[in-house]
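Novice: Return a 3D structure for these sequence lines:
(one chain, ligands or ions: 1)
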Amino acid sequence: MFEEPEWVEAAPAIVGLRPVTTQVQAATAPPVKGRKRRHLLATLRALEAASLSQQCPSLPGSDSEEEEEVGRKKRHFQRSSLANVSKEVGKKRKGKCQKQAPFISDSEGKEVERTCHRQAPPLGGISAGEEKGKRKCQEYSYLHPTQSLNSVDQTVHNSRTSTATLDPPKSSRESASPNSSHTLSRKQWRNRQKNKRRHKNKFRPLETQDQVPLKASIEETEVPPAPKSDSQETRAGALRARMTQRLDGARFRYLNEQLYSGPSSAAQCLFQEDPEAFLLYHRGFQRQVKKWPLHPVDRIAKDLRQKPASLVVADFGCGDCRLASSVRNPVHCFDLAALDPRVTVCDMAQVPLEDESVDVAVFCLSLMGTNIRDFLEEANRVLKPGGLLKVAEVSSRFEDIRTFLGAVTKLGFKVIYKVRVPKKSAFVLTFFRIMVFRKEDVNIETGILLFQYKTLGGAVRCSLNRGNTEVCGWSEDL
Ligand SMILES: C[S@@+](CC[C@H](N)C(=O)[O-])C[C@H]1O[C@@H](n2cnc3c(N)ncnc32)[C@H](O)[C@@H]1O
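Specialist: Numbering: from 1, shown residues only. The predicted model follows:
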């Protein structure tokens, strides 16, 4: 009943549907047996005619009825032939749509089916409701055979570009592309899209080049080098300042040691040879002063301000003339170097003042060197009888304050009073001692010495030294 082998042999020709092939087949085909074969031949002839019309399409806008009729016929043949072709393809696509259905939801499935019907070529045996969409697709693909492919391709392309990140295109779109619709599953399509995106990103030099400087500029903006270098410079500057300060501190301590451990003549030589060292010493001294709760020279100045401004003052080791700046009295300022124009540069063991020419002699933190006796004797010399000797020293320098007081007394001075500054309390440590002496004309204990000093000069001086050593024993320790 059904000649299976013959039909199977003829089937590839039908699927191929090439006009030339069909024509050749029709010309050389053996006599047809049976109704199916006759139908097949008719179909082949129709397709041959359709292919001829496709190859030589009638120009649009022809006025001739004959031409119109021919054209109409040709179009009819084209439609029918393409309908048959698309029927076969449509069957397959329908199957594909049905196959894809399990991968999508019901609503998607409906949409897919709708799209399949809408965009798929006309299929045989379809419902009347879907005829419109089919006809549109058919007309479109018929009138623009190549365009339809392109447009389908464009549609796919558009769908790829526009909805690349959304859902994959429905099977209808796949079916519109003959190249991909039959071979790609949804998963395959996704993979292909992914690969294309990768490929696109991989070969996008301009975008990458644009992004690199942008990133670089962002990085430059985010981490500007200037503040970095600024902070580094600031840190380096702070470190340099700290190191300089430490070095200055070390030099100050060194110079201080030099002043205390040698005779005043050596100190004088030191500062004469290196005036910078004097400045450095006083910088260090001023740093120390800033840490003190009270500068003893201020206390001495305060006391002086309570006396007549006519009293002549001699400041031995005046430094920056702070005392002279704090009182209205005439002040003779003596130091090894001059920080101020009022300073007379000299060794205070020998000051350029007349005997008994001053009312007040001041040693504020200046009893330095191994010859402090010379300083005190020089003060005694220039002081008027009854004049005042004021000495301020660091408390730690005195092992026994009484020893010191006794030795000074033997030099012709009488202790008037002594005070600690700042005032000793539970909260404030005493840093300094201020002692005030009066020059006596005749001391009961050392009267002979004073007399001998005045009359015999240097010889008496030796006697005095021996006397201090014997009686007090402190002068060598200071
Ligand atoms: C620690 S400073 C005190 C400065 C000032 N009296 C004050 O209280 O601000 C000691 C000063 O005594 C000076 N001095 C030390 N020995 C001296 C000497 N033999 N002749 C002159 N000045 C001397 C030093 O040069 C230094 O300026």
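Novice: Quick check: buried residues in the helix or strand in which Trp189 is found?
Specialist: Following DSSP states H and E, one finds Trp189 within helix 186-202. The neighbour-count check on helix 186-202 (16 or more other C-beta atoms under 10 Å) flags Arg186, Trp189, Gln193 as buried. Placement of C-beta: from N, CA and C, glycine included.
Novice: Equivalent analysis for stretch 297-304, please.
Specialist: Using 16+ other C-beta under 10 Å as the test for burial, stretch 297-304 gives Val297, Arg299, Ile300, Ala301, Leu304.
Novice: Redo those as JSON lines? Include distance to the ligand, pLDDT and secondary structure.
Specialist: Formatted as JSON lines, those follow (distance: C-beta to the nearest ligand atom, whole Å; pLDDT from 0 to 100; DSSP: H, G, I helix; E, B strand; the rest coil):
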{"residue": "Val297", "distance to the ligand": "4", "pLDDT": "97", "secondary structure": "helix"}
{"residue": "Arg299", "distance to the ligand": "11", "pLDDT": "95", "secondary structure": "helix"}
{"residue": "Ile300", "distance to the ligand": "9", "pLDDT": "97", "secondary structure": "helix"}
{"residue": "Ala301", "distance to the ligand": "10", "pLDDT": "97", "secondary structure": "helix"}
{"residue": "Leu304", "distance to the ligand": "14", "pLDDT": "97", "secondary structure": "helix"}
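Novice: so Ser264 makes contact with Gln350?
Specialist: No: the criterion here is C-beta atoms under 8 Å, and Ser264 misses it with Gln350 at 9.2 Å.
Novice: Pull the contacting residues for the residue in the stretch 51-200 of the chain positioned nearest to the ligand.
Specialist: Nearest residue of the stretch 51-200 of the chain to the ligand: Arg198, at 82.4 Å (C-beta to the nearest ligand atom). By C-beta atoms under 8 Å, 6 or more residues apart in numbering, the contact set of Arg198 is empty.
Novice: what's the answer for Phe252, then?
Specialist: Leu280, Tyr281, Arg283, Gly284, Phe285, Arg287.
Novice: how about those residues in TSV, adding secondary structure and pLDDT?
Specialist: Shown next, in TSV, are the contacts of Phe252 (DSSP: H, G, I helix; E, B strand; the rest coil; pLDDT from 0 to 100):
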residue	secondary structure	pLDDT
Leu280	helix	94
Tyr281	helix	96
Arg283	helix	93
Gly284	helix	94
Phe285	helix	95
Arg287	helix	92
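Novice: Low-confidence regions, the stretch 151-300 of the chain specifically.
Specialist: In the predicted model, the stretch 151-300 of the chain carries pLDDT under 70 at residues 151-183, 201-228.
Novice: Which residue, other than its chain neighbours, is closest to the closest residue to the ligand within the stretch 151-300 of the chain?
Specialist: Nearest to the ligand, among the residues of the stretch 151-300 of the chain, is Ser264, at 3.1 Å (C-beta to the nearest ligand atom). Closest residue to Ser264 apart from its sequence neighbours, by C-beta to C-beta, 6 or more residues apart in numbering: Gly369 at 4.3 Å.
Novice: In this structure the one you found contacts Leu259, no?
Specialist: Yes: Gly369 lies in contact with Leu259 (C-beta under 8 Å); the separation is 6.4 Å.
Novice: The two: which is more packed in?
Specialist: More crowded of Gly369 and Leu259, by other C-beta atoms under 10 Å: Gly369, with 24 against 19.
Novice: So that one, which state does it fall into?
Specialist: Three-state assignment for Gly369 (DSSP: H, G, I helix; E, B strand; the rest coil): coil.
Novice: per-residue confidence for Ser396?
Specialist: Note on Ser396: pLDDT of 88.
Novice: For it, grab the count of nearby residues.
Specialist: Neighbours around Ser396, by other C-beta under 10 Å: 10.
Novice: Give me the packing partners of the longest strand seen in the chain, helices and strands only.
Specialist: Longest strand of the chain, by residue count under DSSP state E: strand 383-394. For strand 383-394, the elements it packs on are helix 296-305, strand 358-364, helix 372-382, strand 413-421, strand 432-439, judged by 3 or more C-beta pairs under 8 Å, 6 or more residues apart in numbering; DSSP states H and E.
Novice: which residues touch the second one?
Specialist: Identification of contacts with strand 358-364 by C-beta under 8 Å, 6+ apart yields 296-297, 300, 304, 311-317, 323, 329, 332, 375-376, 379, 382-384, 387-392.
Novice: before we move on, back to that, reformat the helices and strands packed on strand 383-394 as a markdown table; add distance to His39.
Specialist: A markdown table is the format used below for the helices and strands packed on strand 383-394 (distance: least, C-beta to C-beta, whole Å):
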| stretch | distance to His39 |
| --- | --- |
| helix 296-305 | 132 |
| strand 358-364 | 137 |
| helix 372-382 | 144 |
| strand 413-421 | 135 |
| strand 432-439 | 134 |
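Novice: most tightly surrounded among those?
Specialist: When you average the neighbours per residue for each of the helices and strands packed on strand 383-394 (mean count of other C-beta atoms under 10 Å), strand 358-364 leads with a mean of 24.
Novice: So, low pLDDT: which residues of the stretch 301-450 of the chain?
Specialist: 424-428, 430, 441-450.
Novice: Would you mind naming what in it lies close to the ligand?
Specialist: 317-319, 322, 334-336, 347-349, 364-366, 368-369 (C-beta under 6 Å from any ligand atom).
Novice: what's the nearest residue to Arg433 if we skip its chain neighbours?
Specialist: Per C-beta to C-beta, 6+ apart, closest to Arg433 is Ser395, 5.3 Å.
Novice: Looks like that neighbour contacts Arg420 (just checking).
Specialist: Yes: applying C-beta under 8 Å, one finds Ser395 in contact with Arg420, separated by 7.1 Å.
Novice: picking that back up, contacts for the longest strand of the chain, please.
Specialist: By C-beta under 8 Å, 6+ apart, strand 383-394 touches 296-297, 299-300, 303, 314, 356-365, 367, 376, 379-380, 408, 413, 416, 421, 431-441.
Novice: Counting by contacts, list what the strand or helix carrying Ala266 packs against.
Specialist: Assigned by DSSP H and E, Ala266 belongs to helix 264-273. Helix 264-273 sits against helix 225-261, helix 275-291, with contacts defined as 3+ C-beta pairs under 8 Å, 6+ apart.
Novice: how about the last one, does it get close to the ligand?
Specialist: Yes: Helix 275-291 lies within reach of the ligand by C-beta under 6 Å from any ligand atom, at Phe285.
Novice: packing partners for that helix?
Specialist: helix 225-261, helix 264-273.
Novice: For those helices, state which one has the densest average packing.
Specialist: Most buried of those by mean neighbour count (mean count of other C-beta under 10 Å) is helix 264-273; its value is a mean of 16.
Novice: Can I get it in CSV, CA atoms only?
Specialist: Only the C-alpha atoms of helix 264-273 are listed here, as CSV (Å, rounded to 0.1, in the frame of the first residue of the first chain):
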residue,chain,number,x,y,z
SER,A,264,87.5,80.8,84.1
SER,A,265,90.5,81.7,81.9
ALA,A,266,89.9,78.4,79.9
ALA,A,267,86.3,79.3,79.5
GLN,A,268,87.2,82.7,78.3
CYS,A,269,89.5,81.2,75.7
LEU,A,270,86.8,78.7,74.7
PHE,A,271,84.2,81.3,73.9
GLN,A,272,86.7,83.7,72.3
GLU,A,273,87.8,81.0,69.9
